[in-house]
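A.B. asks: Show me the folded form of this:
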Amino acid sequence: MQVWKEYQEKSKDRFLSELLDLLRMPSISARGEYKEEMMKCAEAVKQALLKAGADKAEIYPTGGHPAVFAEKIIDPKKPTILVYGHYDVQPPDPLDLWTSGPFDPVIKDGRIYARGSADDKGQFFMHVKAMEIMSQTKSLPCNIKFIIEGEEEIGSPNLPAFVHEHKDLLKADVILISDSSMLSMENPSIEIGVRGLAYIQIEMTGPNRDLHSGVYGGAVANPITILAKMIASCHDENNHVTIPGFYDGVVEASAEERKLMARAPYNEEEYKKELGVDTLWGEKGYTTNERTGIRPTLEINGIWGGYTGDGAKTVLPSKAFAKVSARLVPNQSSRAITEKLFNYFKSITPKGVKINLTDLHGGEPYMTPVDSKAYKAAEKAIETTFGKKPIPTRGGGSIPISSVLEKELGIKIVFMGFGLDSDNLHSPNEKFDLFNFYKGIETIPYFHQYFSAM
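C.D. replies: So this is what the prediction gives:
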C-alpha cells in the first residue's frame, strides 16, 4: 500500500536510530553480571512497543530473565498474529576480532555492525515498526500480540513454563517469527523448518592434580589425549556420525524437496572464498545445502584443558573439557539424542580417567507445512515486495521454543526472516544489511493483510 511506503520513507532515519539505541544495550543472557542490563533492555523493548501503538505492554518475570508481552487488539473477532522474538544476544567474544565495539553499532557499506543486529534485535524490531506503520496509517487488518523473551540464546529454559501458564494471554491464530535468513535479497526464500539441538558438556578427569609431563608423561593417562581420541571417533571416513542410533527415525527428505532445494543459487567457489577455506567437509552423499538443512550433524563447539597461556609449561593436566552439540532433524528427539551421547561417551571411556557429562540444553526440530494458510500468506507477501516467489529452504540453526509454542498454543508457526547466512551470527562482526532491515519492515504488513483476508 502506498500509505505504508510513504510512512516508512519519512520515518526510516528514526527507525534506524531507535534500533541503534537498542543495539547499544549488552543484553547477554549467558552471563550473570549482565542481569541489570537485561532488565534495562526488557524495559526498552516494552517502551518501543508502546510507542509503536500497542494498547498495553508488560514485563513478565520468569525463573530467569524476563519476557516482554504486548498486544494491540482492534477487534476480538478478527485474526490474531503472535510475533515471537528475543532481545538477548550471544556473548561477543573474542573481542579482539571485532573491527568495532560489539555494543557500539557502526554503519559501514550499508550494514549495521553490532551484536544482536541480525540475531534478533534487528529482526524483531522490524515487526515493531511494521505495527507502528499500520497503526499510524489506521490500516491494521488484524490483532497483533508480541512475546519477546530474554533467554533464547541459552535455550529458552524458562519460556515453556511461562507459555503454559499464560495460554490465554498468548492465544492467537498463527505465530510469526523472524529469527532466520534468506538465501539473498535477489533470491528470496522462506525457511520451512529449523533443526533441533542437543547440547552437552564433557569433563574428563585423570590424576588428582596437574603433573610434570617429563616425570609422569607416558605413565599416566592424559585427559586431553583421551578426550581428543574419543571425539575423533564420533565420525567415520565418510563423515557419518558413529553414535549408535543417532540416525534412528530420521525423516529422509523427498526427491521433490531435494529438487526444490537445488533451485537455490549456489556457487561453491564463492562459498569457500567467503569462508576462507580451500575445501568443504561433510557427510558423503549430500550437497552443502542439504548437509546444513536436512541432515543431522554433530559438532565440537569448544575444547580446553591444561596450560593455554603464553610460553611453555610442560604439564600433564588433571582435567580436559569439551562442549558438544548435535543439530537434529524431524523425528529426532533432543532428549533421546542427549541420552545416546551420554551412553556413547561413557561406553568408550577407558580406565585411568573418569568422565562427567552435563546436559546443557536442547530443543526440538520444527517444520512448517507449505500448504498452510500462514505459509501462503508469507509467500504472497514476499512475492509482493520482492517481485518473485520465494524458494522454500530448511534452516540449519535452531529455535528451541518453536515446538513448545505449537504444542502449548495449538497453532502453526511461519518463519519469515530477512537475515543472511553471512551475517556472522554468534561470531565477531555480526551485521545486518540496512536494505534487509527496511525490506522486512516493508514486507511484514502485507503478511498481516494477506493472512487476515484468507
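A.B. asks: Tell me, how many residues neighbour Ser11?
C.D. replies: 16 (other Cβ atoms under 10 Å). (C-beta placed from N, C-alpha, C; glycine too.)
A.B. asks: For it, identify the helix or strand it belongs to.
C.D. replies: helix 2-23 (DSSP states H and E).
A.B. asks: residues in contact with Asn187?
C.D. replies: 264-265, 388, 391 (Cβ atoms under 8 Å, 6 or more residues apart in numbering).
A.B. asks: Buried among these? Need that as a selection in PyMOL.
C.D. replies: Only the buried entries of the contacts of Asn187 go into this PyMOL selection, using 16 or more other Cβ atoms under 10 Å:
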select buried, resi 264+391
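A.B. asks: Just to be sure, which of the contacts of Asn187 are found in strands?
C.D. replies: Mapping the contacts of Asn187 onto strands (DSSP state E) picks out Ile391.
A.B. asks: tell me the secondary structure for the closest residue to Met367 other than its chain neighbours?
C.D. replies: Leaving aside its sequence neighbours, Met367 sits nearest to Gly193 (Cβ to Cβ, 6 or more residues apart in numbering; 4.1 Å). Secondary structure state of Gly193, per DSSP: H, G, I helix; E, B strand; the rest coil, is strand.
A.B. asks: now Gly193: how far from Ile401?
C.D. replies: 15 Å (Cβ to Cβ, to the nearest Å).
A.B. asks: SS state for the residue of the chain positioned farthest from its centre?
C.D. replies: Farthest-out residue of the chain from its mean C-alpha position, per Cα atoms, centre = their mean: Val215, at 47.2 Å. Taking three-state DSSP as the rule, one finds Val215 in the helix state.
A.B. asks: quick one: the residue nearest to Met367 and Pro369 touch, right?
C.D. replies: No. Using Cβ atoms under 8 Å, Gly193 is not in contact with Pro369, being 10.0 Å away.
A.B. asks: So which of these two has more stuff around it?
C.D. replies: Taking neighbours as other Cβ under 10 Å, Gly193 and Pro369 compare with Gly193 leading, 21 against 11.
A.B. asks: I'd like the distance between Asp278 and Glu268.
C.D. replies: Asp278 is 11 Å from Glu268, by Cβ to Cβ.
A.B. asks: go on, Val194?
C.D. replies: 24 Å.
A.B. asks: same deal with Ser117?
C.D. replies: 28 Å.
A.B. asks: Please state the offset of the helix or strand of the chain with the lowest mean pLDDT from the chain centre?
C.D. replies: Taking mean pLDDT, DSSP states H and E as the measure, the chain has helix 255-261 as its least confident helix or strand, at a mean of 82. Its chain's C-alpha centre lies 24 Å from the corresponding centre of helix 255-261 when counted by Cα atoms, centre = their mean, to the nearest Å.
A.B. asks: Same check on stretch 306-325?
C.D. replies: 30 Å.
A.B. asks: likewise stretch 158-174?
C.D. replies: 20 Å.
A.B. asks: who's in contact with that stretch?
C.D. replies: 60, 62-65, 67, 69, 79-82, 143, 145, 147, 149, 151, 373-374, 401, 404-405, 408-409, 411-414, 451.
A.B. asks: can we see that at 6 Å?
C.D. replies: Applying Cβ atoms under 6 Å, 6 or more residues apart in numbering, the external contacts of stretch 158-174 come out as 62-64, 67, 79-82, 145, 149, 374, 401, 404, 408-409, 411.
A.B. asks: For it, the averaged confidence score.
C.D. replies: For stretch 158-174, mean pLDDT is 97.
A.B. asks: Going by neighbour count, which residues in that stretch are buried?
C.D. replies: By neighbour count with 16+ other Cβ under 10 Å, stretch 158-174 contains the buried residues 158-160, 162-163, 166, 170, 172-174.
A.B. asks: Show me which pair in the residues you listed is furthest apart.
C.D. replies: Asn158 and Asp173 (25.3 Å; Cβ to Cβ).
A.B. asks: so what pLDDT did the residue farthest from the centre of the chain get?
C.D. replies: 97.
A.B. asks: same question, Val250
C.D. replies: Reported pLDDT for Val250: 94.
A.B. asks: so is it in a helix, a strand, or just coil?
C.D. replies: coil.
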